[in-house]
Structures are given as C-alpha cells and as structure tokens.
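Asker: fold the stuff below for me.
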Amino acid sequence: MARSHMNMPIICVRSFCGVNEVPDFTNCKRVPGRAYNGANGKKIAIEHQGEQYMLKFPPSGQGKRTELSYTNSCISEHIASTIFNMVGIPAQETILGTYDVGGKTKIVCACKDFTADGSKLFDFCSIKNTVIDSEYGGTGTELEDILDTIEKQQYVNPVEVLQHFWNVFVVDALLGNFDRHNGNWGFLYHDDTQTATLAPIYDCGSCLLPQADAQVMRAVLSNQDELNARIYRFPTSAIKQNDRKINYYDFLMATGNKDCNAAVMRMMPRFHLDKMLAFIREVPFLDELQRQFYQTYLSARMERIMVPVHRRIMEQQQHLSPRLHM
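Answerer: Below is the predicted model of the structure:
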C-alpha cells in the first residue's frame, strides 16, 4: 500500500512493473542512452509492458505560489493529454502511476515515447531557427512571427500546420494551458522516408491550474469571483500579440482571426463535455475535492469561454450569409 505526497486516498499498487490500472513504476527497467530536456520536473526513460515511456516526475512547489510540496502537473498532463486524444488531436499516450524515491511515493505520469521508432522530434523552436529571414529567434512567441514561420517552413504542408496550430490553440483555451511555447509542439522527422509529420501533442502539464492547492480549489469552488478570475483574467496563453500574452477569452471573443474562428467551428462539435467529465471521474489518485475542482473548472471554461465564442462566430456567419447571396 502506498500513500501519495498530497494526502490522497490510499491506492493499491503493484510492487513490480506489470499489468495494473495503477502501476508502480519503481522497478521498471531503465532505458540507457535516453535523456529528455525540459524544465518542469525530472524525467527518466523506462520500459513498461514492452514499450518505451518517458516517466515524468512532479516539479517541486518550492518558490511557487502554492502550498503543495509538489505541483499537480502529472495529473494535469494525464487529463489534458487524454482530452486532446478524445477530441481527435493525436497526443501522447499517458498512464498515471507511482514511483518510490528515497522512501517517498510520488505520483508520476508515464508518457509513451513517440520517438522510440527512431523518428526525431523537431520542436517548433528548432523549426523557427530554419527560417533565416525571420527577425525573431527560435524562442520568440509573437503570434505574427509564429504564423510567418508556419507559412515559410519547408517540413510539413503549411495549410496542415496552420489548421493544427489553431486547433491546438482552441483546446488549450478550453484547458487553460499557460505554457504552449515553441518547445512544446513540433514535427516528427522520419529518416527512412526523409519526410516530416506533425508530432503528437505533448507537455500538457501546465493545463488546469497545476499549482492549485486545496485552499485555492476550495476558493474556486465556493467563490464565483475566484472562479471567474481564473477564466477571464488568467491563465493566459504563452503566445504573445504586440508583446503581451494573449488572454484566451478576449482574443477568442474578438473573432478577429478567421483561421482561429474556423478552428473553433471545427473543434466545438468534438467537445463532448459529458465524456470529459466521465473520464475525470475515473482518474486515479484524486480525492473528492480535486475531482470536483477539475470537473467544475473544465465545465466553467466550456460554458463561459467556448460556448459564447462559438455562438458569436455562428451569429457573425449568419449575418454575413444573406449578403453573400445578394
């Protein structure tokens, strides 16, 4: 039996790396010659049920505005990645489990390694660096520059990439992702065919307020002002416009970008909130406060951002439609 670091309910896990809904990854074989970058938490390569996984550990809460000793990023990673797959955008496959570190049991997220077949991940930061006439560096997240890079890059059909970019932006808006920077999406390059494809979605640990501790969760659930602040004011996108991070609600409600509007119209029919909430009900390790928080927060972002935006775009299209037939 093991207890998590967050005073979660006790969960039965196995002491070996085998088949189980809530696996203990402690004794899984480490994969040599594999290392992963990224700032949010430790990562190791393991073998689980004959497949290679990147095991993500929760980053420390030290120095962050939270009472948590470790953030909930592994929970966010699993929920958000699964929701991306649910709405038809291929994402990494994830499994929540445990790992013993120095006698302490940590909740971890195993992310199936989509480069295990030998393909290479080129993140968008690297892709931007190939566009030599850009005024910005690879890490620059100005929307105008990102769109310019999408048009000029020579790896994947720009039309396909543009649709993907906005589809992901819309789902990130639903999930409140504050960290979809240029290192958190990209392409897979296949040496055998010398072609590139869109990489599955990965690095979703900044969705759904991963730093929210029990005090914040209770405040959000009991106070509409606290909830609304986390919908209308923050989190913002990592993408900037005029050197300011984009506010999801303001940007989407402005309906000023036709490609973004088209993505809203594509994605909304795929947003089956009832199925998302049913999935959250089955996520392991969550206590009742957390479960209620994730369900409430996701429902509120759907009802207060996505539904009004969708309605406004539909009204605009209906207003323009008679003119087109005159």
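Asker: now stretch 191-205: mean pLDDT?
Answerer: Across stretch 191-205, pLDDT averages out at 95.
Asker: next up, the contacts around residue 123.
Answerer: 182, 183, 184, 185, 186 (C-beta atoms under 8 Å, 6 or more residues apart in numbering). Yep, even glycine has a C-beta here, placed from its N, CA and C like the rest.
Asker: how about the backbone phi and psi for the residue nearest to the last one when sequence neighbours are not counted?
Answerer: Taking C-beta to C-beta, 6 or more residues apart in numbering as the measure, residue 186 lies nearest to residue 123, with 3.9 Å between them; neighbours along the chain are not counted. Its backbone dihedrals place residue 123 at phi -70, psi 160, with angles given as degrees, to the nearest 10.
Asker: pretty sure residue 237 contacts residue 246?
Answerer: Yes - judged on C-beta atoms under 8 Å, residue 237 makes contact with residue 246 at a distance of 4.2 Å.
Asker: low pLDDT regions in the stretch 1-150 of the chain?
Answerer: By pLDDT under 70, the low-scoring segments of the stretch 1-150 of the chain are 1-20, 38-40, 61-70, 134-139.
Asker: mind checking how far residue 238 is from residue 298?
Answerer: 20 Å (C-beta to C-beta, to the nearest Å).
Asker: geometric centre of the protein: which residue is closest?
Answerer: residue 204 (2.6 Å; C-alpha atoms, centre = their mean).
Asker: so it, which state does it fall into?
Answerer: At residue 204, secondary structure determined by DSSP: H, G, I helix; E, B strand; the rest coil is coil.
Asker: helix, strand or coil for the closest residue to it other than its chain neighbours?
Answerer: The shortest distance from residue 204 to any non-neighbouring residue, by C-beta to C-beta, 6+ apart, is to residue 80 (3.6 Å). Three-state call for residue 80 (three-state DSSP): helix.
Asker: over to the one 4 residues further on?
Answerer: Classification of residue 84 into helix, strand or coil gives helix, according to three-state DSSP.
Asker: which one is it nearest to, not counting chain neighbours?
Answerer: Closest residue in space to residue 84, ignoring its immediate chain neighbours: residue 91 at 3.7 Å, by C-beta to C-beta, 6+ apart.
Asker: run through the bridge partners of that neighbour.
Answerer: Beta-bridge pairing for residue 91 (DSSP bridges): residue 201.
Asker: could you do the one 5 residues further on as well?
Answerer: For residue 96, the beta-bridge partners under DSSP bridges are residue 109.
Asker: on that earlier part again, which one (most neighbours) among the contacts of residue 123?
Answerer: Neighbour counts for the contacts of residue 123, by other C-beta atoms under 10 Å, peak at residue 182, which reaches 24 neighbours.
Asker: give me the pLDDT for it.
Answerer: 90.
Asker: and residue 262, by the same measure?
Answerer: According to the prediction, residue 262 has pLDDT 97.
Asker: likewise for residue 265?
Answerer: Reported pLDDT at residue 265 in the predicted model: 98.
Asker: and it, how many neighbours?
Answerer: 14.
Asker: same deal with the one 3 residues further on?
Answerer: By other C-beta under 10 Å, 19 other residues sit near residue 268.
Asker: over to residue 160?
Answerer: The number of residues packed near residue 160 is 12, by other C-beta under 10 Å.
Asker: now it: closest residue in space, sequence neighbours ignored.
Answerer: Using C-beta to C-beta, 6+ apart, the nearest residue to residue 160 is residue 198, at 7.1 Å.
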